[in-house]
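Asks: predicted model, plus sequence, below.
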Amino acid sequence: MTDTSSKKAGPQQTGKTQGLEDTMSRQGTAARVVQGLVDKAEALNLKYAPNGNPPVYPTDEFPWAREVEAEWRLIRAELDKILVRKGDLPAFHEISSEVRSISSDQNWKTFFLCGYGIKSEEAIRQCPETWRILQKIPGLKSAMFSIFEPGKHLPPHRGPYNGVLRFHLGLIVPDQPEKIGIRIADDTRHWREGEALIFDDAYEHEAWNHSDLVRVVLFVDFEKPLRFPASVTNKAVLNLAVFTPFIREGYKAHKAWEKMFYGEGRKHR
């Protein structure tokens with residue numbers, strides 16, 4: 001009896017193993033094809049960028065940035081209401097698995113509004129003015145509040161793709177520039193409340209809050225301005241992002257967190 005079951009189990013296990021290897025091989029091939037397309041798109045992005053490819057951009061190259069700055073206090077007022085429950089906000093790495101390589105503690109928290117085709121309707125209801133103001137940003141791809149607790153330091157890292165630029169708007173920034181800042185390539189900057197900072201996160205960068213107070217910025221990714229044909233290929237690459245595992249996993253993690261956060265919030269009303 002034992003010998004017979006052992007003989008039957010052998011081929012089945014081999015078939016499962018072979019099937020898993022075949023699947024992994026196909027996934028590996030697909031990943032290499034996608035990476036090849038991304039590499040070609042990145043080369044086009046560098047070649048067809050009308051504003052060049054500096055690590056940090058002058059704010060006035062983006063007229064909408066001044067419009068957002070002008071309404072920053074409305075965003076700050078909505079942020080203040082969110083921060084009443086700061087302890088319940090998720091750490092960034094709990095929502096986005098790709099962040100785990102640079103942050104795994106509770107000192108970088110986030111409040112997510114949208115990202116690469118996915119929106120948080122609950123968050124938008126909480127922050128209607130912020131959402132209205134965000135519509136001023138052409139090619140908006142993601143938006144959230146980025147919260148650095150005291151002592152937080154993100155080590156040097158790079159973004160995965162050069163087809164977006166990053167916009168930071170200072171919302172809560174202690175006046176301690178010697179302790180709070182961000183380095184992009186060789187350029188070190190300091191946030192200020194109500195002021196924008198626009199940079200290319202494809203360059204190596206690191207950020208820190210060595211003060212004993214909280215720092216918060218509005219954190220946005222938007223499509224990098226490009227000429228044809230890069231403008232077309234870049235849109236295609238960015239539109240595919242919603243199908244990547246880390247975006248889909250992040251969406252599931254965020255929905256689970258929302259269920260807890262907003263459910264608890266309703267209990268306290």
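Replies: It's in. Numbers count the residues shown, from 1 in each chain.
Asks: poorly predicted segments of the stretch 51-200 of the chain, please.
Replies: In the predicted model, the stretch 51-200 of the chain carries no residue with pLDDT under 70.
Asks: all helices for it, in order.
Replies: 63-70, 72-82, 92-95, 121-126, 128-134 (DSSP state H, counting those that start in this stretch).
Asks: need the winner for burial among those.
Replies: Of all the helices of the stretch 51-200 of the chain, helix 92-95 has the most neighbours on average by mean count of other C-beta atoms under 10 Å, namely a mean of 22. Bear in mind the C-beta positions are built from the backbone N, C-alpha and C, glycine included.
Asks: verify the contact between Gly163 and Asn234 for me.
Replies: Yes. Using C-beta atoms under 8 Å, Gly163 makes contact with Asn234 at a distance of 4.3 Å.
Asks: okay, and the common contacts of these two?
Replies: The contact sets of Gly163 and Asn234 overlap at Ala41, Asn45, Glu223, Lys224, Leu226 (C-beta atoms under 8 Å, 6 or more residues apart in numbering).
Asks: helix or strand for the first one, which one?
Replies: What it means is Ala41. helix 2-47 (DSSP states H and E).
Asks: average pLDDT across that helix?
Replies: Per-residue pLDDT over helix 2-47 has a mean of 62.
Asks: rewinding a little: out of the helices of the stretch 51-200 of the chain, which is closest to Leu154?
Replies: helix 92-95 (9.6 Å; C-beta to C-beta).
Asks: other SSEs contacting the closest one?
Replies: strand 108-115, helix 245-267 (3 or more C-beta pairs under 8 Å, 6 or more residues apart in numbering; DSSP states H and E).
Asks: list the beta-bridge partners for the most centrally placed residue in the chain.
Replies: Geometric centre of the chain, nearest residue: Ser142, 6.5 Å, by C-alpha atoms, centre = their mean. Residues in a beta bridge with Ser142, per DSSP bridges, are Gly115, Asp221.
Asks: wait, what's in contact with Leu169?
Replies: Val68, Glu69, Trp72, Ile75, Gly194, Glu195, Ala196, Leu197, Val217, Leu218, Val220 are the contacts of Leu169 under C-beta under 8 Å, 6+ apart.
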